[in-house]
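Asker: A predicted structure for the sequence below; I have some questions about it.
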Amino acid sequence: MPPSASPESRAKRAFARLFTSSSVRVARAPGRVNLIGEHTDYNDGFVLPMAIDRALWIAFHPIAEPVVRVYSDDFDEWCEFDVQQPAHGAPAWSEYIKGVAWVLRQQDLRLGGWEGALAGDVPIGAGLSSSAALELAAARVFASVSELPWHPVQMARAAQRAENEWVGMRCGIMDQLVAAAGRADHALLIDCRSLALTPVRLPAATAVVVLDTLTRRGLTRSPYNERRQQCEEAARVLGVSALRDVSVTALDDNHEPDGVARGALLGLDHRIRPRARHVVSENDRVQRAAAALGRGDAPTFGTLMNESHRSLRDDFEVSSPPLDAMVAAARDIGCYGARMTGAGFGGCVVALIDAETSAAFATRVAERYRAREGRSPDVYVCRATDGASEAP
Ligand code: GLA
């Protein structure tokens, strides 16, 4: 297959080559880019991601045995496991499918077996949630072959649990929820405490561009879990169940905040104070950003993206020199705003630009970044898509 073939056709062709079946079903789940609201989901806060037009596809059919037998066209690798008793092991990508099976079994659901072939075009480890795409596509397949109703929020929670407890990455709910419940042409405002979802339409004349530095850092053993612990420690010291409960006025000595005492943030240990400052200020930015988007105010939205990047770089300390260089390149060329997206430590920047400049922006920002960093980035202009689906 030429590398340019769509992942949908690669999955279907691999299926046709490997399995004898007259009836193939197809499930897909998208990657995501987070527009604003970083490291807030596991603090019960607010996020504003969108599902993107890059996805993981699985061509499959149900089988009578309680077994999953699946081939990855991207890795040219097989995996087979018992759905009743999945066991940890290689290949690495199979852990996300086994984790979903394990959680659904923990919920006492009767799972059917299936055979399938998968292929995707969400870059791996780039901060665009290729793992959540795989989890939700696998969840759709299990729902289909086991005749389970499709509840996006419940399935997102199951996939998050798979990642937390089976894979060992203590992620929040954002990636799985937007992969399950994204809406075409919209970003999704998620209240990560109530799980209320509010689609917000993207301004008509703008485009969302993802700028991949191609630098990578694995998440499971990264400082991600350490950041999460620091946030939990800050919440404990402040006497709240999560940093969501700290009002932005607690950052300001001149105001009497609700709940948390005036100046309380100043009393935090110097290591965790800036972490808390990021989360509290970011929650406030997400709500102002969603309101700006709702009224089509791209300049205000862009300013908030820029402030978010500064806070992630200086207070949360999850940016990196390549991410900072990419943000600078995007701003030099001209955008409403640009920031690192996802967990950080490598991966991608997201920028909001005028749609009519998108072709020129993509070329020029790549040139500018190459001139600064000595290597070419990948640039995608993204469309917001629906969450996980099964082809009719
Ligand atoms: C990763 C996690 C998410 C979220 C982001 C940071 O993508 O999977 O839950 O915490 O990092 O915003």
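Answerer: Looks like it arrived, so ask away. Here the structure is a predicted model, which means the values were calculated and not measured. Numbers count the residues shown, from 1 in each chain.
Asker: what does the helix or strand bottoming out on mean pLDDT in the chain rub up against?
Answerer: Lowest by mean pLDDT, DSSP states H and E among the helices and strands of the chain is helix 224-238, with a mean of 94. Contacting residues not belonging to helix 224-238 are listed as 39, 42-43, 169-171, 241-243, 245-246, 260, 264-265, 267-269, 271-273, 275-276, 279, 316, 318, 343, 345 [Cβ atoms under 8 Å, 6 or more residues apart in numbering]. (C-beta placed from N, C-alpha, C; glycine too.)
Asker: Mind exporting the C-alpha coordinates of that helix to PDB?
Answerer: C-alpha atoms of helix 224-238 as PDB (Å, rounded to 0.1, in the frame of the first residue of the first chain):
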ATOM      1  CA  TYR A 224       3.300  13.700  34.200                       C
ATOM      2  CA  ASN A 225       2.500  11.500  37.300                       C
ATOM      3  CA  GLU A 226       4.800  13.700  39.400                       C
ATOM      4  CA  ARG A 227       2.900  16.900  38.300                       C
ATOM      5  CA  ARG A 228      -0.300  15.200  39.200                       C
ATOM      6  CA  GLN A 229       0.900  14.400  42.700                       C
ATOM      7  CA  GLN A 230       2.100  18.000  43.200                       C
ATOM      8  CA  CYS A 231      -1.400  19.200  42.300                       C
ATOM      9  CA  GLU A 232      -3.000  16.700  44.800                       C
ATOM     10  CA  GLU A 233      -0.600  17.900  47.500                       C
ATOM     11  CA  ALA A 234      -1.500  21.600  46.800                       C
ATOM     12  CA  ALA A 235      -5.200  20.700  47.100                       C
ATOM     13  CA  ARG A 236      -4.600  18.800  50.300                       C
ATOM     14  CA  VAL A 237      -2.600  21.700  51.900                       C
ATOM     15  CA  LEU A 238      -5.300  24.200  50.800                       C
END
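Asker: Next secondary structure element downstream of the strand or helix carrying L35?
Answerer: Using DSSP states H and E, L35 sits within strand 25-36. Moving toward the C-terminus from strand 25-36, the next helix or strand (DSSP H and E) is strand 46-63.
Asker: and that following strand, does that touch the ligand?
Answerer: No. Using Cβ under 6 Å from any ligand atom, we find that strand 46-63 stays clear of the ligand, coming within 6.7 Å at best.
Asker: tell me which residues of that strand are tucked away?
Answerer: Using 16 or more other Cβ atoms under 10 Å as the test for burial, strand 46-63 gives 46-52, 54-63.
Asker: for stretch 385-392, same thing?
Answerer: 385, 387-390.
Asker: With stretch 9-22 instead?
Answerer: Of the residues in stretch 9-22, those buried (16+ other Cβ under 10 Å) are 10-15, 18-19.
Asker: JSON lines for those, including distance to the ligand?
Answerer: JSON lines is the format used below for the buried residues of stretch 9-22 (distance: Cβ to the nearest ligand atom, whole Å):
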{"residue": "R10", "distance to the ligand": "25"}
{"residue": "A11", "distance to the ligand": "24"}
{"residue": "K12", "distance to the ligand": "29"}
{"residue": "R13", "distance to the ligand": "31"}
{"residue": "A14", "distance to the ligand": "28"}
{"residue": "F15", "distance to the ligand": "29"}
{"residue": "L18", "distance to the ligand": "31"}
{"residue": "F19", "distance to the ligand": "32"}
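Asker: Could you let me know which of the residues you listed ends up closest to R368?
Answerer: Comparing the buried residues of stretch 9-22 against R368 with Cβ to Cβ places R10 closest, at 33.1 Å.
Asker: so what does the helix or strand harbouring that closest one touch, helix or strand wise?
Answerer: Secondary structure assignment for R10, by DSSP H and E: helix 7-18. Using 3 or more Cβ pairs under 8 Å, 6 or more residues apart in numbering; DSSP states H and E, the elements in contact with helix 7-18 are strand 25-36, strand 46-63, strand 113-120.
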